[in-house]
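Novice: Model the structure of this input:
(chains A and B)
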Amino acid sequence: MSIPTDRRYLPSHEWFKLEGSTVVMGITQFAADELTDITFVSLPKVGASFKAGGVIGEVESVKATSEIFTGVSGEVVEVNAALNQHPEAVNDDAFGRGWMIKLKASNPAELNALLTAEQYGAKIA
Amino acid sequence: MTQDLLKTPLYDAHVAFGARMVDFAGWSMPVVYTGIIEEHVHTRTACSVFDVSHMGRLVLRGPDVERFLDRLCTRNLKGAEIGRSYYSHMCREDGGILDDVIVSRFEDHFLVVCNASNRGKIVGWLNRHAAGTGITIDDRTMQTAMLAIQGPRTMELAQQLVPVDLGSLKRYRFTTAEYLGMRFDIFRSGYTGEDGIEVVCPATAVQMFLPLLVGQKDKPHPVIRFAGLGARDTLRIEAAMPLYGHELTEAWDSLTSGQAWCVDLTKEFIGAAAMRLLKERGLARQMTGLALEGKRIARQHAAVYAGDAQVGEVTSGTLSPTLGSSLAMALIDSAALARQDAAFTVEIGGARVAAKVTPLPFYKRK
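Specialist: Numbers count the residues shown, from 1 in each chain, chains lettered A, B, ... in the order given. Predicted coordinates for the structure are as follows:
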């Protein structure tokens, strides 16, 4: 399984990608595959603030419900509304179309504390 | 830890076909191969093979074994016909459900198929009651394999593989075929809500038999595919078939579980007195079908409310692949169900989701 090297990871299988001053996040393809068919993604409200390590959403599959954690602190500036109608986009393309949340990071340096692609890859190997 | 898990005779095939293996009741079992929904739909429209070798297969022999089983089972087994299978519960004195089983009568013995998670408990229960009777309980689980072949195309496809007439085999009947020099017991039953068969054969027969059924990884059968425990669960929920640990538990009895049809209160069996009393007083809670608003899934133990009062809890729930809606089975207070105006909600992820009482099963094949 290829793990993009342009972003960082949490051991709980979320990814975080810096785009300018915004951090885009989602769950990894590994997590999506593990969950099997995703049926619902519970996303936060735009404007809500979260601290690194906090629960920011929930993802449901036929098999299980899992919490989504954020690895960076910040304010939600956008959520992927397309997932309301097509949560399966997370299964199809977890690192792309299946993105979940954009945060205005209050401290982008927090990203450096997260796992690199290599470290995350070693964890799920 | 994985090394300690039991493996079925199909283990290598599951791995070869790309299954994700999980610990299920101490067995390494395939939960999914390609996708739960895909495997579910394939079972509803074509033909799937489920490895159910983890289920307990117990052979009972001895004097008066029919009467012995009749006393331990909720179903009437007196005069059980040779070649017929009977779904039943085994209960404690207080009615608490120990397991649900399928009892099949052969010419010279009975076969009891029980849940993997309850095998130790049921073997112990049977042995305890068999003490001094001359009845023997032979656990054949490890020496045999069991496959469920399910879906609308099963009978047509399976007929091409076996030398016995499957068309004349009625539901809950079984037949025996000698095949490749080995003995196959073929039961017309299943746990998906579809037509199909379940096959018990020697563990050593699997290597020869399986390629005829599902093909090889690089040359799979064009129609018959493996399906995993994930699809098995969504299929059985649509068909409102109870699962031990969810709808069935020692915490309540067979009547409360919604399976009164397999309980004969006119005969004596362990748990009969308790259930007669319950019936006389009226059931306090009832197994109920719920159709939920939206696409969120109500999990086991999710609270069911009528207004502000909690009146029950969910036993199983899923997003139905066939119907596209969120469905649940729940144990709900009879008093709340009796109120015409009762508006039920189910708590999911901190929110209250509206739920309508709906008849079971949710899905019935045409």
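Novice: can we go C-alpha only for contacts and neighbour counts from here?
Specialist: Noted.
Novice: so after the helix or strand containing residue B:155, what's the next helix or strand?
Specialist: Per DSSP states H and E: residue B:155 is located in helix B:154-159. For helix B:154-159, the following helix or strand on the C-terminal side (DSSP H and E) is strand B:174-179.
Novice: Show me what the helix or strand just after that next one is packed up against.
Specialist: Proceeding N to C from strand B:174-179, the next assigned helix or strand is strand B:182-187, under DSSP H and E. In terms of contacts (3 or more C-alpha pairs under 8 Å, 6 or more residues apart in numbering or on different chains; DSSP states H and E), strand B:182-187 is packed against strand B:174-179, strand B:196-202.
Novice: In terms of secondary structure, what does the helix holding residue B:155 contact?
Specialist: Other elements packing on helix B:154-159 under the criterion 3+ C-alpha pairs under 8 Å, 6+ apart are strand B:196-202.
Novice: The strand it packs on pairs with which strands?
Specialist: Applying DSSP bridges, strand B:196-202 is found paired with strand B:144-150 (antiparallel), strand B:182-187 (antiparallel).
Novice: can you list those in TSV and add mean pLDDT and mean neighbour count?
Specialist: TSV is the format used below for these (pLDDT from 0 to 100; neighbours: other C-alpha atoms under 10 Å in any protein chain shown):
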stretch	mean pLDDT	mean neighbour count
strand B:144-150	98	26
strand B:182-187	95	18
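Novice: List just the one of those strands that sits closest to residue B:87.
Specialist: Among these, strand B:182-187 comes nearest to residue B:87, with 12.4 Å by C-alpha to C-alpha.
Novice: Pull out the CA atoms of the closest one and give them to me as CSV.
Specialist: Output of strand B:182-187 as CSV, limited to C-alpha atoms (Å, rounded to 0.1, in the frame of the first residue of the first chain):
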residue,chain,number,x,y,z
MET,B,182,-16.1,-39.3,1.1
ARG,B,183,-19.3,-38.6,2.9
PHE,B,184,-21.1,-35.2,2.5
ASP,B,185,-24.1,-34.3,4.6
ILE,B,186,-26.1,-31.7,2.7
PHE,B,187,-28.7,-29.6,4.6
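Novice: Roughly how far does residue B:220 sit from residue B:226?
Specialist: 10 Å (C-alpha to C-alpha, to the nearest Å).
Novice: if we can go back for a sec, point out the most buried one among the helices and strands packed on strand B:182-187.
Specialist: Comparing the helices and strands packed on strand B:182-187 on average neighbours per residue, with mean count of other C-alpha atoms under 10 Å in any protein chain shown, the densest one is strand B:196-202 at a mean of 22.
Novice: could you give the mean pLDDT of that one?
Specialist: Taken as a whole, strand B:196-202 has an average pLDDT of 97.
Novice: ok, and what's touching it?
Specialist: Outside strand B:196-202, the residues within contact range by C-alpha atoms under 8 Å, 6 or more residues apart in numbering or on different chains are B:143-152, B:154-155, B:182-190.
Novice: With distance to residue A:106 as added columns, please give the helices and strands packed on strand B:182-187 in CSV.
Specialist: Rendered in CSV, the data for the helices and strands packed on strand B:182-187 read as follows (distance: least, C-alpha to C-alpha, whole Å):
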stretch, distance to residue A:106
strand B:174-179, 68
strand B:196-202, 59
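Novice: Name the residues of chain B found near chain A, please.
Specialist: B:35, B:36, B:37, B:230, B:234, B:295, B:296, B:297, B:318, B:319 (C-alpha under 8 Å from any C-alpha of the partner chain).
Novice: Make sure the last one is actually in contact with residue B:297.
Specialist: Translated: residue B:319. Yes. Shown here, residue B:319 and residue B:297 form a contact pair, counting by C-alpha atoms under 8 Å, at 5.9 Å.
Novice: domain ranges for chain B?
Specialist: With domains defined by automatic domain parsing, chain B comprises B:2-51+B:142-237, B:56-139, B:284-366.
Novice: The second one: how far from the chain's middle?
Specialist: Going back to what we said before, that points to domain B:56-139. Once both centres are worked out by C-alpha atoms, centre = their mean, to the nearest Å, domain B:56-139 turns out to sit 16 Å from its chain's centre.
Novice: Low-confidence ranges, chain A, go.
Specialist: A:1 (pLDDT under 70).
Novice: one more time with 50, if that's ok
Specialist: Applying pLDDT under 50 to chain A picks out no residues at all.
Novice: Report the central residue of it.
Specialist: Nearest residue to the geometric centre of chain A (C-alpha atoms, centre = their mean): residue A:26, 2.0 Å.
Novice: Using the three-state scheme, assign that residue.
Specialist: Under DSSP: H, G, I helix; E, B strand; the rest coil, residue A:26 falls in the strand class.
Novice: first to last residue in stretch B:41-59, what's the distance?
Specialist: The first-to-last residue distance of stretch B:41-59 comes to 35 Å (C-alpha to C-alpha).
Novice: Could I get the buried residue list for that stretch?
Specialist: B:41-44, B:46-59 (16 or more other C-alpha atoms under 10 Å in any protein chain shown).
Novice: Next step: those residues restricted to helices.
Specialist: Among those, the ones falling in helices (DSSP state H) are B:41, B:42, B:43, B:44.
Novice: Dump those to a markdown table, plus distance to residue B:311 and pLDDT.
Specialist: What follows is those, written out as a markdown table (distance: C-alpha to C-alpha, whole Å; pLDDT from 0 to 100):
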| residue | distance to residue B:311 | pLDDT |
| --- | --- | --- |
| B:41 | 34 | 98 |
| B:42 | 37 | 98 |
| B:43 | 35 | 98 |
| B:44 | 34 | 98 |
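Novice: Could you list the contact residues of chain A toward chain B?
Specialist: A:36, A:37, A:39, A:40, A:60, A:62, A:63.
Novice: tell me, how many neighbours does the fourth one end up with?
Specialist: Read that as residue A:40. Using other C-alpha atoms under 10 Å in any protein chain shown, the number of residues around residue A:40 comes to 24.
Novice: Then the third one?
Specialist: Each residue near residue A:39 was counted by other C-alpha under 10 Å, and the total is 26.
Novice: roughly how far apart are it and residue A:27?
Specialist: From residue A:39 to residue A:27 the distance is 14 Å (C-alpha to C-alpha).
Novice: Ok, residue B:353 next?
Specialist: Applying C-alpha to C-alpha to residue B:353 and residue A:27 gives a distance of 26 Å.
Novice: Compare those two (neighbour count), which wins?
Specialist: residue A:27 (24 against 20).
Novice: Could you report the separation of that one from chain B?
Specialist: 18 Å (C-alpha to the nearest C-alpha, to the nearest Å).
Novice: Which residue is the nearest non-sequential neighbour of that residue?
Specialist: What sits nearest to residue A:27 in space, not counting adjacent residues and going by C-alpha to C-alpha, 6 or more residues apart in numbering or on different chains, is residue A:14, at 4.1 Å.
Novice: Out of residue B:220 and residue B:226, name the residue with the larger neighbour count.
Specialist: Counted by other C-alpha under 10 Å, residue B:220 and residue B:226 do not tie: residue B:226 has more neighbours, with 25 against 16.
Novice: which residues sit in contact with the closest residue to the more buried one other than its chain neighbours?
Specialist: Using C-alpha to C-alpha, 6+ apart and skipping residues adjacent in sequence, the residue nearest residue B:226 is residue B:49, 4.7 Å away. Contacts for residue B:49 (C-alpha under 8 Å, 6+ apart) come out as B:147, B:148, B:149, B:150, B:214, B:224, B:225, B:226, B:227.
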